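Undergrad: After the sequence you'll find the predicted model.
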Amino acid sequence: MKFNPDADLDTSGVEDTRGSGGGGGSLLPGGMIPVGGGIGGIILLVVIVLLNGGIPGLGGDGSGEPEVQNTAPGNLSSCKKGTDLEKNANCRFVVYQNSVEGFWSTELPRRGKKYQPAAMRVFDGSVSTGCGPATSAVGPFYCPPDKKVYLDLGFFQTLQTELGAKGGNFAEAYVVAHEYGHHVQNLYGILGRIKTRSGPTSDAVRSELQADCLAGIWTNHATTVPDKDGDTFISDLTQDDIERGLDAAASVGDDRIQSKTQGQVTPESFSHGTADQRMRWFTKGMQSGDLTTCDTWSASTL
């Protein structure tokens with residue numbers, strides 16, 4: 001995955017609150033469920049809570065070309081150009097956010113739908129949200145009331161060491177794109193459809209898989225999304241990048257996680273979709289690049 005050093009980065013939609021002391025020490029209260037955290041039917045709340053209980057490490061294989069993986073402190077407000085990645089590797093998260101939101105801010109109006117910006121708040125430890133207080137145990141999530149994506153950068157190490165993902169820059173970009181997929185769903189009123197939260201064909205699973213498909217749509221267009229001056233944010237995606245994104249999607253499949261955390265797979269408690277389903281819907285969006293291919297709600301076979 002190659003970042004364009006000439007790209008102009010916009011940090012107005014990125015809130016870096018790391019080191020600020022957070023804002024809440026408990027999981028979100030009843031009735032205020034973050035879409036993206038697992039209990040709400042999107043990504044990884046239950047997963048990380050279980051893993052924090054002591055699941056053995058399952059490291060990735062480290063294959064592929066070396067990529068920037070540093071998630072040490074370095075405030076993202078200083079990220080103004082693609083060249084800033086040389087001194088602050090975490091600026092890549094600003095690139096992801098700018099590219100993903102840049103795509104949807106153009107694509108939705110093209111389809112007659114007004115786009116409303118969604119900030120990405122980077123935190124560590126704990127954070128206050130429109131859904132209530134949350135901790136890093138929630139993993140990446142999207143909160144519908146405040147229309148923000150929440151991200152603890154330490155999650156990506158967990159993705160590799162605990163869930164066995166290969167990792168890499170595009171694995172990170174996939175997660176960000178997935179959460180912004182939930183924002184797109186929110187703008188269309190789709191999240192209000194989530195009534196059943198467990199089971200292989202539940203609303204939660206359909207929402208989760210649709211967000212994967214939407215992440216795939218962005219992937220299709222990722223190397224063409226321009227900054228304000230017409231320079232692209234991302235100049236190249238390789239097959240290895242795509243495989244790492246697919247690997248990340250598979251790593252958070254219900255069947256993979258249940259097998260690791262409880263030694264057996266119980267489809268009746270699925271809330272995210274299987275590894276194969278997540279890869280398939282991501283691929284479907286990526287190959288088509290078309291929003292109309294992501295209708296998981298009427299699909300007879302997921």
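TA: Structure's in. What do you need? Residues are numbered from 1 along each chain as shown.
Undergrad: remind me which residues of this protein are low pLDDT?
TA: Counting by pLDDT under 70, the chain shows low-confidence ranges at 21-74.
Undergrad: Strands of that one, residue ranges please.
TA: 2-3, 14-16, 119-122, 126-129, 132-135, 141-143, 148-151, 234-236 (DSSP state E).
Undergrad: Out of those strands, which one sits most buried?
TA: strand 141-143 (a mean of 30; mean count of other Cβ atoms under 10 Å). To be clear about C-beta, it is placed using only N, CA and C from the backbone, and glycine gets the same treatment.
Undergrad: That one packs against which elements?
TA: strand 148-151, helix 169-187 (3 or more Cβ pairs under 8 Å, 6 or more residues apart in numbering; DSSP states H and E).
Undergrad: Distance to Ile234 added to the ones you listed, as CSV?
TA: Below are the helices and strands packed on strand 141-143 laid out as CSV (distance: least, Cβ to Cβ, whole Å):
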stretch, distance to Ile234
strand 148-151, 18
helix 169-187, 8
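Undergrad: now the strands of the chain in TSV, with distance to Leu108?
TA: Listed next are those as TSV, based on distance: least, Cβ to Cβ, whole Å:
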stretch	distance to Leu108
strand 2-3	25
strand 14-16	20
strand 119-122	17
strand 126-129	24
strand 132-135	27
strand 141-143	16
strand 148-151	16
strand 234-236	20
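Undergrad: Was I right to think Met1 contacts Asn169?
TA: Yes: between Met1 and Asn169 a contact is recorded at 4.4 Å, counting by Cβ atoms under 8 Å.
Undergrad: and Thr11, what does it touch?
TA: Contact analysis of Thr11 by Cβ atoms under 8 Å, 6 or more residues apart in numbering lists Leu76, Ser77, Cys79, Lys80, Val94.
Undergrad: Check the gap between it and Lys228 for me.
TA: From Thr11 across to Lys228, the span is 13 Å (Cβ to Cβ, to the nearest Å).
Undergrad: same question, Lys81
TA: On the measure of Cβ to Cβ, Lys81 and Lys228 end up 12 Å apart.
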